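Participant: my questions are about this predicted structure, shown below with the sequence.
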Number of protein chains: 2
Amino acid sequence: MAGDEDLTARARIRDAALEQFAAHGVKGTTIRGVAEAAGVSPGLVQHHFGSKAGLRAACDEYAIEALVTNKKKALAGGMGDPGFLALAMRTGIPVQRYLARALVDGSPGAARFFDEAVAFSEEILAEPGSILNRPTTSDLRAYAAVLTTMSFGVLVLHEHLHRSLGADPLTMEGYPRLGRAMFDILTDDLLPAELVEQARAAMDRLPGDEGEPDS
Amino acid sequence: MAGDEDLTARARIRDAALEQFAAHGVKGTTIRGVAEAAGVSPGLVQHHFGSKAGLRAACDEYAIEALVTNKKKALAGGMGDPGFLALAMRTGIPVQRYLARALVDGSPGAARFFDEAVAFSEEILAEPGSILNRPTTSDLRAYAAVLTTMSFGVLVLHEHLHRSLGADPLTMEGYPRLGRAMFDILTDDLLPAELVEQARAAMDRLPGDEGEPDS
DNA sequence: TTGGAAGCTGAACACTTGTATTGGAGGCAC
DNA sequence: GTGCCTCCAATACAAGTGTTCAGCTTCCAA
C-alpha cells in the first residue's frame, strides 16, 4: 500500500490484480477494476499481460514463485515446521489470499501448488528423522492430503474465522489464537477410543472401498 | 438428475441454480445458464425469483433449511457424531457443495450457517456428558471455530482432495479414506511435546496478543 | 361459457464485460 | 533532427449480462 509509486506500472498492475482476484474471484474482477486500483488505464493492462487469462497466469506464476522462495528461506533458516503452517505464516498475506481463492476458483497453478504441498507433507511425514512424530496410519497419502487440506481450509475460510474470533487470523493480532487452537486440536485426543473404533468399523462396512489404493 | 421432470419448474430452477452456483460461483452463473439447465426460459427464472439475488437468497434458504432438517433427523436418530462431520455425510451433496461455495463467495446465509456450526461445536465440546473427550484448551471458542473451519475446509477443497486421492471424498467411494485419515489425524499425537512447547512459547512472545478475549 | 389468475415464452433493452485499435509522449541510436 | 522503440491513454466494438415486457397458453372457479 505504501510506496506503491516506487513499483513499475507492470508490478502495480500485478499487485492490484492479485488483490482483486483474491477478493472477488476471477469472474468477479474486471480489467477496468484492476486498472483503476493500479492507477493506470485499462489499455495498459492489455498491453502488459495481453488478456485477462494472461494476467491471471502472471499472478499464478508470481504467487507460486514468491511462496517457493519463502519456503526455501524458511527451510534454510532451519526452522522446523509442521509442513505448510509456519511457511504460510511468513509468506506475504496477499499471496496467500490469492492462492486460497485460486484454489477455489480452480486455476492450474493453484492445483499444482496444492499437489506439491501434499507431496511435501507426505515426504516430511514419512521421513524417519523428521521433527514430527511418525503418524500411525496405513494410508499416508490420504493422511498428508487431508492434513494439507485442513491447513489450506483455514486459509480459504479465514474471513469466517475472522468474524468468529474477532480478529483476522492472518494478521499478527489474530494468529496466536489460531495457532494455539490448532496445536490444541492436533495434540488433543478429542475422540474417545470406543468412538473411533466404532466409526472405523462403520466405514469398513461402507461399500466401494477396498483398502487404500495408491499410485 | 433422474426424475427431474416430476418437480415443479420452480423446484427445477432452484436445483439447477444450486448446482450452478456451487460449480461456478455467484458471478460465474448466469440466469440463462440456470434456465437452460432447468429446461425453462430465462424469463421464467425472473418470474419465480424476481432477480438473481432473489434466486440466490432462495438457494440459501433452501440449503440451510435442508441442512437443519437433516441435523434434527440425525440428532433424533441418536447417532453420536463429532459435530458437523457425520451430519455432513448424510446431507445432500449438492446442498453441501453449494454451501461450501457460498462460504467462499460470501453470502449472508452461509455466514450465519458457519457461525451456527461454530456455536454448535462449542456447545458439544463444552457439554460435560458429551460423546467427545473434554478438549484441553483455555480458549474453547477458538478451538471450536478452528475445528469447524477445518471440517468445512475439507468440503470447500474437496475437488483437490478428489484429485489427490483419486476419488471424490464426497461420494460413497471416496469418503472412507477421508474419514479414516481424519480420525487418524485427530487421534494421533503428531506433534512432539517439545515442539509444541516451543511453538507455544514462540506465540506467547508475539505482539498484539493478550490471553483470549471473548464476548 | 367466461373470466382471470398463474405458468411460461421469446424478444428487446440497457449495461458491463473483454478485447482491439488508434495514436500520442518520451527516450535513444544514428 | 529522424526514425524507432517502449510505455501509455482513450476510444470503439462485439459479446454477454441482468432485467423488462408484451403476449401466449393452461387451468380452474364462477
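Facilitator: Ah, there it is.
Participant: tell me which helix or strand the residue minimising distance to the centre of chain A sits in.
Facilitator: Central residue check for chain A by CA atoms, centre = their mean: the C-alpha nearest the mean position is that of residue A:152, 4.4 Å away. Remark: residue A:152 resides in helix A:140-156, with elements defined by DSSP states H and E.
Participant: show me what from chain A comes close to DNA strand D.
Facilitator: By CB under 7 Å from any atom of the strand, the residues of chain A that approach DNA strand D are A:8-10, A:40-44, A:46-48. From N, CA and C alone the C-beta is placed, and that goes for glycine too.
Participant: in helices only, show me those residues.
Facilitator: Mapping these onto helices (DSSP state H) picks out A:9-10, A:42-44, A:46-48.
Participant: so where's chain A uncertain?
Facilitator: Counting by pLDDT under 70, chain A contains low-confidence ranges at A:1-7, A:73-91, A:206-215.
Participant: can you name the residue of it nearest DNA strand D?
Facilitator: Taking CB to the nearest atom of the strand, DNA strand D has its nearest neighbour within chain A at residue A:43, 2.6 Å off.
Participant: give me the neighbour count for that residue.
Facilitator: Other residues within reach of residue A:43, judged by other CB atoms under 10 Å in any protein chain shown, total 10.
Participant: sorry, back to before: list buried residues within the residues of chain A next to DNA strand D.
Facilitator: Buried by 16 or more other CB atoms under 10 Å in any protein chain shown: A:10, A:40, A:44, A:48, out of the residues of chain A next to DNA strand D.
Participant: any chance of these in TSV, plus distance to residue A:130?
Facilitator: Formatted as TSV, the entries for these read as follows, by distance: CB to CB, whole Å:
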residue	distance to residue A:130
A:10	41
A:40	48
A:44	48
A:48	44
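Participant: who's in contact with the residue of chain A found nearest chain B?
Facilitator: Residue nearest to chain B within chain A (CB to the nearest CB): residue A:153, separated by 1.3 Å. Contacts were defined as CB atoms under 8 Å, 6 or more residues apart in numbering or on different chains; by that measure residue A:153 touches B:149-150, B:152-154, B:156-157.
Participant: what does residue A:20 give?
Facilitator: Remark: with contacts taken as CB under 8 Å, 6+ apart, residue A:20 is in contact with A:28-29, A:33-34, A:37.
Participant: who wins for most neighbours among the residues you listed?
Facilitator: residue A:34 (25 neighbours).
Participant: which helix or strand contains that residue?
Facilitator: In this assignment (DSSP H and E), residue A:34 forms part of helix A:31-38.
Participant: now for the ones in helices among the residues of chain A next to DNA strand D: which two are most distant?
Facilitator: Across those, no pair lies farther apart than A:10 and A:42, at 14.5 Å, counting by CB to CB.
Participant: assign a three-state SS to the closest residue to residue A:161 other than its chain neighbours, would you?
Facilitator: Spatial nearest neighbour of residue A:161, chain neighbours left out: residue A:169 (4.9 Å); criterion: CB to CB, 6 or more residues apart in numbering or on different chains. With DSSP: H, G, I helix; E, B strand; the rest coil as the basis, residue A:169 sits in coil.
Participant: ranges for the strands of chain A?
Facilitator: For chain A, no strands turn up when DSSP state E is the criterion.
Participant: helices along that one, start to end?
Facilitator: In chain order, chain A shows helices spanning A:9-28, A:31-38, A:42-49, A:52-76, A:84-90, A:93-105, A:108-126, A:140-156, A:158-165, A:175-187, A:193-204, with DSSP H as the criterion.
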